[in-house]
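Chemist: build the 3D model from these lines:
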Amino acid sequence: MTDRLPLQCDFSLHEHNTFGIRAKANAYIQVTSADILSEIRLDNSLSTLPRLVLGGGSNILLSGDFPGLVLHMCLKGIEIVGRDAQSTYVRAAAGESWHGLVCRTLELGLGGLENLSLIPGSVGAAPIQNIGAYGVELKDCFHALSAFDFDTGNIFTLNRDECDFGYRDSVFKHRLAGQAAILDVTFALPRQWQPNLNYAELEQELAVRGKPDPTARDISDAVVAIRTRKLPDPAVIGNAGSFFKNPVVPAAQRERLLAKHPKLVSYGQPDGSFKLAAGWLIDQCGWKGRRVGNAGVYEKQALVLVNHGGASGRELQDLAKAIQADVLARFGVELEPEPVIV
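Modeler: Okay, here's the model as predicted:
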């Protein structure tokens, strides 16, 4: 059966991860339809291999060669699939680029995703992480998704509640981890659009641009400008964006930290807890701009680890562990990586 599949062996993943790690996969298949996943499931030589579902490679750190099968999700297509009084429903295939989807919705005159502009990666990977930026998370405009179940061979759908979204979290990191591959995602974009300007930095950027009453396009342009200033381009220097999640701590712990560190940056959450700025914690430990071998911390944003050229996944992983240890020792706070470490 493998003769009918686009199987490649000893495949380089260097161009398929934004860290630019030079690693290989034992086997690689470009997935352009759900039928390919069905064939893989029924092939005894492939179904028993360790499996890695890969999107844009922007949220992964390869610690070495992958000793199994990489399934590169390359399904394409964006279309409006329905409308009602509240929303326009847009479905995008898993292999579409996230920013490409945002741009397409703006071209269609649809707002809702503009605060999430220029986030790297694919549409299919976005719900897994519940991507978020500038006061908006994917779940805010999410309607449903379809996915392939490797256990049963069936295609199933999940609505927003069934995805169990959390901060950079979803059911795909828990109950469905390793069991499913997302095929497409449908978004409910509001017909009565209102700008979300709850993020101070975004509001300031729009003020500088003279946009007191911004359109969705204005907000997207502002977000792109901010991200371009703050974050390195993976095409220029290898990175996966923010490497650590902002830790969430109880109010009592935040008060104790604030007493010792009056300049602590924190944000109140609806449940009474506080989200701490991981970049500030890392910066206070002296890591911003530091380099260890070919791995380092970006000089403009302490949350971003970078590959200066030729760094191995192990070097970047060791750097991350050293940063975690320093933050824990100084603040008593554990940092959790955002990227999947394979």
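Chemist: helix or strand next in line after the longest strand seen in the chain, which one?
Modeler: Using DSSP state E to define each element, the chain has its longest strand at strand 180-190. Going down the chain from strand 180-190, the next helix or strand is helix 200-208, by DSSP states H and E.
Chemist: quick one: name whatever helix or strand follows that next one.
Modeler: Helix 200-208 is succeeded, C-terminally, by helix 216-230 (DSSP H and E).
Chemist: between that following helix and helix 200-208, how many degrees?
Modeler: Orientation note: helix 216-230 sits at an angle of 110 degrees relative to helix 200-208 (axes from the mean of the first three to the mean of the last three Cα atoms, to 10 degrees).
Chemist: which elements pack onto whichever helix or strand comes after helix 216-230?
Modeler: The C-terminal neighbour of helix 216-230 among helices and strands, as given by DSSP H and E, is strand 238-242. When contacts are defined as 3 or more Cβ pairs under 8 Å, 6 or more residues apart in numbering; DSSP states H and E, strand 238-242 packs onto strand 304-307. Every residue, glycine included, has its C-beta placed from N, CA and C.
Chemist: in the helix or strand just after the strand it packs on, what's buried?
Modeler: Downstream of strand 304-307, the next assigned helix or strand under DSSP H and E is helix 313-331. Neighbour counts over helix 313-331 (16 or more other Cβ atoms under 10 Å) mark 313, 315, 316, 317, 319, 320, 323, 324, 326, 327, 331 as buried.
Chemist: put the alpha carbons of helix 313-331 into PDB.
Modeler: The C-alpha trace of helix 313-331 is given here as PDB (Å, rounded to 0.1, in the frame of the first residue of the first chain):
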ATOM      1  CA  GLY A 313      17.700  21.400  19.300                       C
ATOM      2  CA  ARG A 314      19.500  20.100  22.400                       C
ATOM      3  CA  GLU A 315      21.400  23.400  22.700                       C
ATOM      4  CA  LEU A 316      18.200  25.400  22.700                       C
ATOM      5  CA  GLN A 317      16.600  23.000  25.100                       C
ATOM      6  CA  ASP A 318      19.500  23.300  27.500                       C
ATOM      7  CA  LEU A 319      19.300  27.100  27.300                       C
ATOM      8  CA  ALA A 320      15.600  27.000  28.100                       C
ATOM      9  CA  LYS A 321      16.200  24.800  31.100                       C
ATOM     10  CA  ALA A 322      18.900  27.200  32.400                       C
ATOM     11  CA  ILE A 323      16.400  30.100  32.100                       C
ATOM     12  CA  GLN A 324      13.700  28.100  33.900                       C
ATOM     13  CA  ALA A 325      16.100  27.300  36.700                       C
ATOM     14  CA  ASP A 326      17.100  30.900  37.200                       C
ATOM     15  CA  VAL A 327      13.500  32.200  37.200                       C
ATOM     16  CA  LEU A 328      12.500  29.500  39.700                       C
ATOM     17  CA  ALA A 329      15.400  30.300  42.000                       C
ATOM     18  CA  ARG A 330      14.800  34.000  42.000                       C
ATOM     19  CA  PHE A 331      11.000  34.300  41.900                       C
END
